[in-house]
Structure formats: structure tokens, C-alpha cells
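**Q** Provide a 3D model corresponding to the input given below.
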Amino acid sequence: MDNQNNNTNNKKENQDTRPQRNRRPNPHRTKNSDTNEQAKHENPNKKPHPNRKPNPNKNQTNLQKVQEQSVNKDFNTKTNLPHQSKKFHPNRQSQNPITQSTGSKNKSRRKNPTTVSEEMRASIEENNRIQNARMQPWKQLDVSGKGKIRFTPLGGLGEIGGNMAVLETETTAIVIDVGMSFPDETMHGVDILIPDFSYLHAIKDKIKAIVITHGHEDHIGAMPYLFKELKFPVYGTPLALAMIENKFNEHNLKADTKYFNFITKRKQYEIGDLKIEWIHMTHSIIDSCSLAIETPAGTIVHTADFKIDHTPIDGYTADLRRYAYYGEKGVLCLFSDSTNSHHPGFTKSESVVGKTFDTLFDLANGRVIMSTFSSNLHRIYQAMARAATTGRKICVIGRSMERNVETARALGYVDIDDKHFIEVHEVPKYKDNEILIVTTGSQGETMAALNRMATDEHRHIKLKPTDTVIISASAIPGNEASVSKLMNLLMKSGVTVRYKEFGDIHVSGHAAQEEQKLILRLIQPKFFLPVHGEYNHIAQHAKTAISCGVEERNILLMSDGDQIEITPKYIKKVKTVKNGKTYIDNQNNMKIENDVVLDRQKLAEDGIINIVAQVSQESQKVVGKPIVTSYGLVADKDDKKFAKEIELLLETMLLNMKPEALKDHRIIENEIRTSVRKHVVRTKKRYPLIIPTIFII
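**A** Predicted structure coming up:
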């Protein structure tokens, strides 16, 4: 036994003293089995449970857990940055940069540990403060101030056009623009709509001025009608006031040009307790401006109509630096154009239309007839400049077009020599390919020159199959039917019509979403009020503002007549003032009363019945046969049958009336009106206008 033990010990000693050899890997042994083997050597006394199945992924899972814990710990240590939910504090101790090594018992130090010093923490905190102040400059406003303003839109909300609003303080009120809009097809005989001026009459003693942003009809078209009732000083750019002067001359208001005040951009004008600056802005008309208004409550900015055109025709880009200047000072409220709020991206530059004109002029074999808005002088100038370059004579047709072109040329905004222009009676003297006609009527207006050409009613211009008609405009909402009718008439006349098949034949003058975002970011206002557009437009603009950092509670969606009160602390609706539309007949520049328009609508929808009869007071019967005529109710072939029905109705009604009631023809007429209406509603399901005329004998 002793010898055997000695031999065993000697073998162990020899094995311990032998040099270590690298073991060759066993190709039949898996990685898991190696791990299990290692575990046996580490704890040889540990036996597996007889009923427990071995888990081949157990060790691997444990290894992953160790790695994840180590990585998470290391991530939490390294990523304590300002954008995390936890912020730096100068007195907080730096975290331990030591992390556990994955899959090993030994700990290792990171090769490049980040040491966050107290100075670094202070710098990050200071940069955060600067960034927050930059993104919310309105926090500079004095919230303890007691100043307040009220803004009341009287047109331009819930509609396209008709823009007019009132901004007022305790002692001062100004009117921003006085525009017109177009009627719909139900307003028979109505040419334009103007805002209701009732609220202006109510506060006329506070109104210190009318402030004009630009010369489009939907911003100045109602000026002469207002001046027939109320007169105030008018501030605006030279072109806008010159266009208003043309309107005043038509309405025999030439003497009222004494109220005009021509402004200089980037200069403040004190009007009551307001300070107003006109900021140059690009739009589809020359000399368009935004407004920066300093009020007792804070600064407000009104963009008016705008787009950001970096290559405008006149070279004068939007004065974005002034926007940034006022934004840096802190703006209480921004009012911004919402017309194109559904359009993503950017609105194209006006200059792209000129390239389309080049193509269309090359394709035209005969006369070119171009129609657009008469106030879109950049568009008109581009067409006329290409005509002069290609040797075409320019003929301007249409009262408003002639007037605006002449005004722009007189002010130096359109620089084309007189030799390129001809009168309408001179057109036949030139070849067809030497003529450009610039005319009105792009919206299908019945009395406009282009519509009269299409119906062969124009005195001088008769359309030819070789003519090319360019409609460089889009239909204003509500005018789609009129434009479609015009297109049909032009097509029937055989001319070539260029409209929407060329994508850049017209570009909008209003900002798309990215341009709206730019203004919002330059201003960074506390409050935001989207203006100019239907409800869906201002609602979409509000969403854009929220995405640009304006708090939802600081945005209101307005309608015409809503009066909004704004202070450094809050914005809220306080009341609704009287508002509406007044109907205008352009043929005589006179108002049309509401009841007249309602009667026209009733006549168009339900027709009219005229009843003339003689009534005997003694017999309580109709003497002879009553005369019954109707229009828009029954077909001509049924006139006799309908007249017989009314005759029987009158006989029955008169017999049932009290004798004393037959002494007053007005009582009889009212009874006839009631009885006939019931009969027609029951049999025809219509509500016609009924006019009885009764003679008592």
C-alpha cells in the first residue's frame, strides 16, 4: 500500500514539473461542451440535478446579461448630456468612468475617459440659457404691463378677398386695408362685394388712419365706397395710393387725395399711440409691404399677402432682416397670410413665368392675347418685354388694365418705350404675328374684354383660329364656373388656349408651408393669429405654427366680426361685432339693397305669380275672370290649367271671408297671398313670390 501511494505521488510530481503543452482542439467537441468541461474543473463536487435537462444556452444567456449590464452602465455614465431629461448641475459629482469588462472577472479602465469639469458644466448651462432665450424672444416682454390691444377682422376670414381689419388701443384705432371680393352665382346682378362699415361708424372718433399694405383689389377695392361715408388719413406706398387715386377719380372723389400720406419703407410713423413701419415684402404686385406695429401691449407683425421670392422681377427681395430684427426684440403677436397653407414646399418665383412666355410666344403663329389680373404688373411687364424683344406691338385693352399699366409706366415701374405700344384701332394695320394683346377677363367676368371677344361682342377685336389665348391666372374660389364657361366659349371660337397644361404659366403670389415656417421662425411670436383665407386655410396654418414652436393655447382661429383682445399675459375673444357684405352694381357704382338681392334669388329659385282681379263687395265674388300670370313655376302649356285653379281658389276664399273684411283691399290681398301660397306649396313644393292686385267695386 505504501509503495503504491509513493508511486502515485511521484507520478503527480512528474506531471507538475513537465512543461505545459498546447492541447489540440477536439473537432468533435462543441463550444458548449468546452464550457461545461471548464465548469466541472472549477467545481468538481457540483452534480447536476437528476431531473433537470441541461440548457445549452444558459451560459451564453448569462454572458449576454453581463454584457448588457456593463454596456448600460457605461452608456448611462457617458451620455449625461444636456438633451437628456436630466440636466447638469454645477455641484453634482462626476460619474465614475470605470466600467466592467464584458465576459471577464477583471475590470479595465476606458482608454479615453471624458472628464466633465465644473467649467464645462457651467458653459453647457449658459449655452442652454442662450438657446432658450433665442428660441423664445417674446419672454423679454413685460408681462406686468397693463397695455392691451384689440383686433377685429371685418373681411378676409372665411373667404378669399375682401380684406379689412381694425386694430385699436384705448385711444387709437387704425383700419388695415379696405378690400372687395367677388359674388357667387346666386347673387344676381351683383358685380362686387364690399365689407359692412357699421363698426367703423361706431368707433369713427377713435380711427386715426387707414393703413394700406398693397394695391390688389381685395385690399383697396372698397376704398371709394368707404370714403363716400367716412374719410380718414390714408398711409401707403406710392403705387398703392396711385391705384386708389384712379378709383377716386371714377367715383368723383378726386379732392379726397388730400388725405394721402406716402410712406418710406424702414421708417416708423407715429399714428396716435402706435408706431408703424412698412417692411418690403415680395408678392404678385409691386411695392407690397408687411407691417411692424409697436403698441402699448407690445410689438405685433402683420405679414399681409406675401411669398418669399428670392429672384423677383424688380430685384427687390423680401426684407427678411427687418423680420429678424423685430423677432430678436420680441414680438407679442404675428398675423400671417394663410391662403396657401395647404401647399407644401415653396411657391415658385415669378421669374419662371417669363420662361414659359418665351415658349408660348415661339409656338404662336398669329396674334397672342394674354389675360391676367390687371394689378399683376410683374406678369404684365414680362409679357410686354418679350413682345418688345420679338418685334410684337403691344395693345392694352380693358379699363382697369389700361389704367394700371399707365400708372405703373408713369411711376417708372414698367420701363418699355412708347414706340412698342399701339391703340386698339391700329391692330389691323399689322400682321397677326406682330401683335400682343394684353387684356382683362381672366376670371370670366361677363363685361370684361376677353369675355366680349369670346362672345363676338367686342367692337374692335374678332377672334381668329390662328390666335393664341394665354390665361395666366388661376380661378379665384367661387369663380370656377365663370372661368370654365369662358374656356368653353374660347374653344368654340377655334383659338388655341394655353391655360393649365403649362405648369409655370401662372405662379401663386402667396407663401407655401416652408415660407410660412420661415416667417414663424424669424419672428418666434408669443401669440399667433392666422388671417386671410377660409377656415380650412387658417386651421392648417395653425398646425404649421404649432410645429414651429408656438403653443397651441396661444393660437386663435377667427371669423369675420370676432374681436380679439391681446395683452402680454393672454389672448382671448371678447365679443362679436356687426359684419357682413354690401352688394355693388359696377355699372353705376351704386349699392344694391339686401332685400333686392333676396328677391332676385327668390325669383330665380321659385318663380313669381301675378294675380289681378276685381272683387264685388256686395256679392263677395270675382267680377269677370281674374288675370293670373306666372314665371318660373309652371310650363307655358299648363298656364290655363293653373289659372283655373287659382280662380276656383279665389271664389272659395271670398265666400268664406267676413263682409267687413272686403272693405280693405290690403286684407283681401294678404288672404289671397296666404291661400295661394298654401296651394302652391302643397301641389308644386315651391315658394314663389306672389303679387296680388285687387280692385274693390
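**Q** For the host helix or strand of V483, could you pull out the residues that count as buried?
**A** Assigning secondary structure by DSSP states H and E places V483 in helix 480-492. Across helix 480-492, burial judged by 16 or more other Cβ atoms under 10 Å covers 482-483, 486-487, 489-490. (Glycine included, C-beta is placed from N, CA and C.)
**Q** Now find how far off-centre that helix is within its chain.
**A** Centroid separation between helix 480-492 and its chain, computed with Cα atoms, centre = their mean, to the nearest Å, is 26 Å.
**Q** Single out whichever of the buried residues of helix 480-492 has the smallest pLDDT.
**A** Among the buried residues of helix 480-492, S482 has the lowest pLDDT, at 87.
**Q** Which residue is the nearest non-sequential neighbour of that residue?
**A** Among residues not flanking S482 along the chain, G444 sits closest, at 3.2 Å (Cβ to Cβ, 6 or more residues apart in numbering).
**Q** Now do the strands in the stretch 301-450 of the chain.
**A** Secondary structure of the stretch 301-450 of the chain (DSSP state E, counting those that start in this stretch): strands at 333-337, 368-371, 393-397, 435-439.
**Q** Sheet partners, orientation included, of the first one?
**A** Sheet pairing for strand 333-337, assigned by DSSP bridges, gives strand 298-302 (parallel), strand 527-531 (parallel).
**Q** Then the second one?
**A** For strand 368-371, the paired strands and their directions (DSSP bridges) read strand 435-439 (parallel), strand 468-471 (parallel).
**Q** Looking at those, which is nearest to L518?
**A** Relative to L518, the nearest member of these by Cβ to Cβ is strand 468-471, separated by 30.8 Å.
**Q** now the closest one: mean pLDDT?
**A** 95.
**Q** And for E250, the neighbour number?
**A** Neighbours of E250 under the rule other Cβ atoms under 10 Å: 12.
**Q** Is it in contact with Y225, as I believe?
**A** No: between E250 and Y225 no contact is recorded; they are 11.5 Å apart, counting by Cβ atoms under 8 Å.
**Q** So which residues of the stretch 251-400 of the chain form helices?
**A** 320-329, 351-363, 377-390, 399-410 (DSSP state H, counting those that start in this stretch).
**Q** for these, which one ends up most surrounded?
**A** Ranked by mean neighbour count, the helices of the stretch 251-400 of the chain are led by helix 377-390 with a mean of 21 (mean count of other Cβ atoms under 10 Å).
**Q** Any idea how far that one is from the middle of the chain?
**A** 29 Å.
**Q** Alpha carbons only: can I get that helix in CSV?
**A** C-alpha atoms of helix 377-390 as CSV (Å, rounded to 0.1, in the frame of the first residue of the first chain):
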residue,chain,number,x,y,z
LEU,A,377,-47.8,94.3,-63.1
HIS,A,378,-44.8,92.0,-62.9
ARG,A,379,-46.6,89.4,-65.0
ILE,A,380,-47.8,92.0,-67.5
TYR,A,381,-44.3,93.5,-67.7
GLN,A,382,-42.8,90.1,-68.5
ALA,A,383,-45.2,89.6,-71.4
MET,A,384,-44.7,93.1,-72.8
ALA,A,385,-40.9,92.9,-72.5
ARG,A,386,-40.9,89.6,-74.6
ALA,A,387,-43.2,91.3,-77.1
ALA,A,388,-40.8,94.2,-77.5
THR,A,389,-37.9,91.7,-77.9
THR,A,390,-39.7,89.6,-80.5
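**Q** isn't Q540 right up against H342?
**A** Yes: in this structure, Q540 is within contact of H342 by Cβ under 8 Å, at 5.4 Å.
**Q** which of the two has more neighbours?
**A** Q540 (19 against 15).
**Q** so what's that one up against?
**A** Counting by Cβ atoms under 8 Å, 6 or more residues apart in numbering, Q540 touches 338, 341-342.
**Q** Dump the buried residues of helix 480-492 into CSV; add distance to K517 as well.
**A** Output for the buried residues of helix 480-492, formatted as CSV (distance: Cβ to Cβ, whole Å):
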residue, distance to K517
S482, 34
V483, 31
L486, 36
M487, 36
L489, 42
L490, 39
